[in-house]
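Novice: kindly return the folded structure for what I paste below:
(2 chains)
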Amino acid sequence: MGRFGVGAVVLAGAALVSACATTGRGGQARGGEAPAAPLSRGVPADTAFASTYRPRPGVPTVIANVTIYDGKGGRVDNGAIRFEGGKVAAIGATVPTEGATVIDGRGKWVTPGIIDVHSHLGNYPSPGVQAHSDGNEVTGPVRSEVWALHAVWPQDPGFARALAGGVTVLHVLPGSANLFGGRGATLKNVPGVTALDMLMPGAPWSLKMACGENPKRVYGSRNQMPGSRMGNVALMRQTWANAEKYRADRAKPGPQFRRDLQMETLADVLEGKILVQNHCYRADEIAMVIGMTREFGYRVSAFHHAVEAYKIAPLLAAEGICAALWADWWGFKMESYDGIRENLPFVHAAGGCAITHSDDAHGIQRLNQETAKALADGRRMGLQIRDEEAWTWIGINAAKALGIADKVGSLEPGKQADVVLWNGDPLSVYSRPEKVWVDGALLHDVTNPRLRPVSDFELGHAGEGDVK
Amino acid sequence: MRRLLAVALALLLAAPTVAQERLAIAGGRVVTNTGAPVEGGTVLLSGGRVEAVLPAGAAVPEGYRRIDAAGKWVTPGIVAGISQLGAVEVHAVDEANETVARTAPASAALALETGLDPDETAIAVTRIEGVTAAVTAPFPGRTLFAGQGAIISLGEGERAPIRARAFQHVAYGELGSRIAGGSRPAAWAEILNALDEAQRLRTGLVSPMRDQHRDLRVTRDDAEALVPVLTGAQPLLVRVNKAADIRQVLTLRARYPGIRLVLVEATEGWIVADELARANVPVIALGMENLPGRFETVGATMSNVGRMVAAGVKVALGTPDLDASFQPRLLPQYAGNMVAQGRLPGGVGLSWDQAFAAISRAPAEIFGLSDMGRLAAGARADVVIWSGDPLELSSAPEAVFIGGRSQPMESRQTRLARRYLPGQPDTGLPKAWTR
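Specialist: This next block holds a predicted model:
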C-alpha cells in the first residue's frame, strides 16, 4: 500500500471493528439453524476457488498500416497484426486478411494490453468508504493466510477506467500494513459479477510481503512486534523458519499434522509455487531481504515501490529480480525521500527488469504516460533507450514478474490477444486507447458508447455512462 | 569533469546575487497567453520584468545578452493553482510538514507564510520543471478553517512571498463534515458561526474587550482574521466537490455580499457549471479526478474542467492533497490530458491555449495577479525555455528565469541521479565520496 496513504491503515483498523460487530450477530443467528448436509468430500482450494473467467466472443480481426510496439522490445512500422480465436495469429509487415474485419490503423499505434503488477482495485475500491476498506488484514503482522481475491469487489468503477487506459491484466495485492500481507491474484480486466469471473486462468498466486515503515508503524504503535526495522526482519525470519518446519511436516504428515493456512502459503513459496511480490522502498532494506531469501531458499519476483532501486540496480540485475516502480512519485514519506525521475531507465540501463506500476486507481489509467516520462528523463541523462524498448516496462517485464509471460505481455503468435489500438503515439500525452480487446474480444471502444462498461454501483448516479 | 561541473554549479548558484542583466530570448515559439503564439519571436527581459515581445526577424537591441531559443518553446512560467509548496519537506513526517495544526487553538488566524521555507528541496525540484510561482495553502486541522495561504515565487533565494495572507481556506463537503463533528449541517453551522462573528466584529457589535457573542468554536483571533474575507479583501477558497454542496456554498454570497468565493476541487462542478458562470465564481480544479472515490465525487469525469470552461467559468488546475507539496511539477501533464480529453468522442476538454492558460494565466487572474502568467510588457519576467511542447511528456525546461534571473537547473534529485548514473567509472571510493 503506497498511494492509499499512510492514514488508510488506521481507517482499515476502525472499519474492521465495526464490520466484526455486524457480521458477528448475523453469524450467530445463522448458527442456530440446522446445518446443511455435509459434502461428501472437499476439494483443493484451487479447485474450490477456480476461475470462472471465460473469454468473450470476438471476430477475426486485422489491424493494418499501423505502428506496433510488440511489448518485448520490438517495433514494426507500417505493420499489421491479426488475431482470432482469442489469440494473436500473425504480426509483421503484412498479415493474411481473409475472413477478418480489417481496421485501418494509419496514424495509430498497436501495443499489447498493459499489465499492472500492483493494484488495489477491488480491495480498496471506489468509493473508498470504510465499509470498502478490505486491503489490509491489520490484525497481525503475519497474515499470509488471507487472499486479496476474497475481498475483490467487482463493482469497483476503477476496473472500467483502467480498461479505458489500456490495462487488460492487473495483479491485485493485499496492502503493506503487514510483513506477510497475504496472497495476491492476477485478474483479466473484464469486470464480472464475481471476482472469480475475472481471475486469470493459469496465473500463479503471489505472496505480498512488506518491509520498511508501514509494518513497524502499524504494530509498533500498538506496542507489538515489529516496532523497528530490526523487528521487521527478525519476525520475517522466524516466520520463514516456522514455514520450513511446516513444509517438512507437510511432506510427511504424521498423525499430529494439522493444516495451517498461514503456513500453507509460505510453504508453497518455499516450493516455488507462489511468487513473492515485496513492497520495499530503500536500497539498504532490499539488500537485507535478498539476504533473507538466501537464508531460506526462496526468491523475490519483484520489489515494488523500490524508489531507491537505482542505487542497487546492478545487484537487482544480477539477482534477476524485477523492480516495479513509479515514474516520479516521491516525498510522501521518509522512505520515498530519495526518489529520482530516472529510476526506471537506470534499472533498465543496468540490464535489469524495470516495470512501471501504479498502486493507484488513477495512476493505473496512465501507465503509458508514466513510462513516457521516465523514458524521456533517462534520455536526458544520455541513456539510449528506444520507445519500443521502454514498452517492455508495461509489457513483457510485468508479465515475467507475475509468472504469465507465456500467455500475455507481448504480441506474438499464440499469445492471448490482449490488444490496444491507440489514437496516436501512446507515449504522447495527447493519445488514448481507441479500442481495447481482451482475449480477442472488443470490450472498449471510444467510438461506441455501448462498449463503455458501467458498474452496478454507477447505475443511477450522476454521470452514469459518461466519458470519464 | 566533476570539478568542471562543480565550478559550473557554483557559478549558477551565484547567479541571483549578480546584478540583473538584460536578456533577449530569441527565435523560439513564444506563448504569450495573450493571443496567438509568436513564431520566432524575441522576449526582452529587463529589471525583472518583460519589456517587450518582438515579432520574428526583429533585431536584438544593443545591451541585451542574446539567448538562442530557436526550435524551442518560450512560455510564461507555470503557476501552481493550489499546492503546499514550501510548507512540506516530507509529507508523512510531522516535524517536516507545516500545512496542518490539528491541536492548535487557532485556525483562520494562522498564516502559512510564517512556516514557509524557501530552501525546502521540493522548491528546486519543482522549479527546474518550469513552475515559477505557486498558490500554497494550509490544510484544515481542528476546525474547518485552515488559515491563510500565500502566493510564492519559486525563485532561488527569494525569501518573501509574492503575496502573504493571499486567501483564507475553508473545507466543506465530506472533509468539512468530518471535522465539524459528523454532518454537513454541523459544518455549515460552523462556517456561518465564524463568519457571523467576524461580521459582528466588523460592524462593532462586539467590543474588542468583550467576550464573544455566544458559545462559538471560533476564537477571537480567528474571527478577526475572517473580517478581510467579509470585505472581499481576501478571497475565500472553499474546498467542495458535490453539486449540491457547491449550490449550498454559493448561497454565502447572498448572506455576505462582499465575499469573494473561489472553489477548490469542485469535482462535480460540471453539473452546476452554468450557475458558477452566472455567479462569476472561479474554480481551482484537480482536472484528473474521474472516479467516485467518495460519495461527494460520484459524478467525477475528466470532462469536468472542459465543461466548466465551456460554460464560461474561469478554471485553474491545482495539485491533489497528498501530491500538493512535491508534485506540482505534474501540472503540464494534467493540462495535456485536458487536451486529450477533448479528442475523445463525447469528451469535453480544453484547447491547447486554454489548457496552458489553466496552469499559468488563469491561476494568476483568480488572485488578481495580472502581471503573472503572460508574456507582455510589464509582466513579471518568469519565463521558461522548453525543449518542445511544454504539455508533452517528452519535453522539459532547458532554462528557467524567475524575476528575470537565470535559475540553477539543479535539485537534490538531479544530484542523486548524477551520483548513480549507470556506466560511470569506478572511483575506488564509495558513493558518498562522489559529488
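
Novice: which of the helices or strands spans residue 175?
Specialist: Picked chain A for this. Using DSSP states H and E, A:Gly175 maps to neither a helix nor a strand.

Novice: wrong one, chain B
Specialist: helix B:173-180.

Novice: burial of A:Val59, as a residue count?
Specialist: 12 (other Cβ atoms under 10 Å in any protein chain shown). For glycine as for every other residue, the C-beta is placed from the backbone atoms N, C-alpha and C.

Novice: distance of it from chain B?
Specialist: Distance of A:Val59 to chain B, computed by Cβ to the nearest Cβ, to the nearest Å: 22 Å.

Novice: my guess is that residue contacts A:Thr101. True?
Specialist: Yes. Using Cβ atoms under 8 Å, A:Val59 is in contact with A:Thr101, at 5.4 Å.

Novice: from the centroid of the chain, which residue is nearest?
Specialist: Defaulting to chain A. Geometric centre of chain A, nearest residue: A:His171, 2.2 Å, by Cα atoms, centre = their mean.

Novice: to clarify, I was referring to chain B.
Specialist: B:Ala80 (2.4 Å).

Novice: and A:Thr78, which of the three is it?
Specialist: Rather than Thr, residue A:78 is Asn. strand (DSSP: H, G, I helix; E, B strand; the rest coil).

Novice: excluding its backbone neighbours, what's nearest it?
Specialist: Take A:Asn78 and drop its neighbours on the chain: the residue closest to it by Cβ to Cβ, 6 or more residues apart in numbering or on different chains is A:Asn65, 5.9 Å away.

Novice: let me know the secondary structure of that neighbour.
Specialist: strand.

Novice: need the pLDDT of it.
Specialist: If you check A:Asn65, the pLDDT there is 98.

Novice: any idea which element the residue nearest to the centre of chain A lies in?
Specialist: Counting by DSSP H and E, A:His171 is part of strand A:167-172.

Novice: OK, contacts around the residue of the stretch 101-250 of chain B found nearest chain A?
Specialist: Per Cβ to the nearest Cβ, B:Ala122 is where the stretch 101-250 of chain B lies closest to chain A, at 6.2 Å. Neighbour list for B:Ala122: A:331, B:85-86, B:88-89, B:325-326 [criterion: Cβ atoms under 8 Å, 6 or more residues apart in numbering or on different chains].

Novice: what's the spacing between the residue nearest to A:Asn78 and chain B?
Specialist: For A:Asn65, the distance to chain B - Cβ to the nearest Cβ - is 20 Å.

Novice: cool, A:Trp393 as well?
Specialist: 14 Å.

Novice: nearest residue to that residue other than its sequence neighbours?
Specialist: Of all residues not flanking A:Trp393 in the chain, A:Thr356 sits nearest, at 4.5 Å (Cβ to Cβ, 6+ apart).

Novice: so where's chain A uncertain?
Specialist: For chain A, the stretches flagged by pLDDT under 70 are A:1-40.

Novice: that one: helices as residue ranges?
Specialist: Under the criterion DSSP state H, chain A contains helices at A:8-31, A:45-48, A:158-164, A:213-220, A:229-251, A:261-270, A:283-296, A:313-319, A:343-349, A:367-380, A:387-390, A:396-402.

Novice: pipe those into CSV and attach distance to chain B and mean neighbour count per row.
Specialist: Formatted as CSV, the helices of chain A follow (distance: least, Cβ to the nearest Cβ, whole Å; neighbours: other Cβ atoms under 10 Å in any protein chain shown):
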stretch, distance to chain B, mean neighbour count
helix A:8-31, 11, 13
helix A:45-48, 32, 9
helix A:158-164, 6, 25
helix A:213-220, 8, 22
helix A:229-251, 16, 17
helix A:261-270, 30, 20
helix A:283-296, 10, 16
helix A:313-319, 7, 19
helix A:343-349, 4, 28
helix A:367-380, 4, 24
helix A:387-390, 10, 20
helix A:396-402, 17, 27
